[in-house]
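> Here is my input; please provide its structure:
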Amino acid sequence: MAKNSPEATFRLGSVSATVFVQETGSGDDKRSFRTVNLQRSYRDGDQTKYSGSFTAADLPAAIRTMQLAQQHVERQDVLAAE
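Got it, this is the predicted structure:
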């Protein structure tokens, strides 16, 4: 997997949660962990822009996409432990 490439993205409407795999350490001490980026897209004229701020109407989608990302991360942790 290329560095900084998302492992998974969960999208509901304009809200998305993206999972990234990060690595730390080196040699035998090398380990990986996952981070999640939550954002909302919106249009500004012809441009698509992104924000980390959410309106009350965005919150259900933000919560659900984070739940999906959490399930994904937990599933990957279980697979890694096997």
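> residues contacting the residue nearest to the spatial centre of the chain?
Note on the chain: the residue nearest the mean C-alpha position is Thr18, at 2.1 Å, using Cα atoms, centre = their mean. When the contact criterion is Cβ atoms under 8 Å, 6 or more residues apart in numbering, the partners of Thr18 are Pro6, Ala8, Thr9, Phe10, Val36, Asn37, Gln39, Ala69. Bear in mind the C-beta positions are built from the backbone N, C-alpha and C, glycine included.
> Quick one: buried ones out of these?
Ala8, Phe10, Val36, Gln39, Ala69 (16 or more other Cβ atoms under 10 Å).
> tell me the two of those residues that are most distant?
Ala8 and Gln39 (14.6 Å; Cβ to Cβ).
> Tell me which of the buried ones among the contacts of Thr18 fall in helices.
Among these, the ones falling in helices (DSSP state H) are Ala69.
> Please produce TSV containing the buried ones among the contacts of Thr18, extended by pLDDT.
Shown next, in TSV, are those (pLDDT from 0 to 100):
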residue	pLDDT
Ala8	97
Phe10	98
Val36	97
Gln39	98
Ala69	98
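> beta partners of Gln47?
Per DSSP bridges, the residues bridged to Gln47 are Asp44.
> Looking at the contacts of Thr18, which one is closest to Thr24?
Looking across the contacts of Thr18 and measuring by Cβ to Cβ, the closest to Thr24 is Val36, at 16.6 Å.
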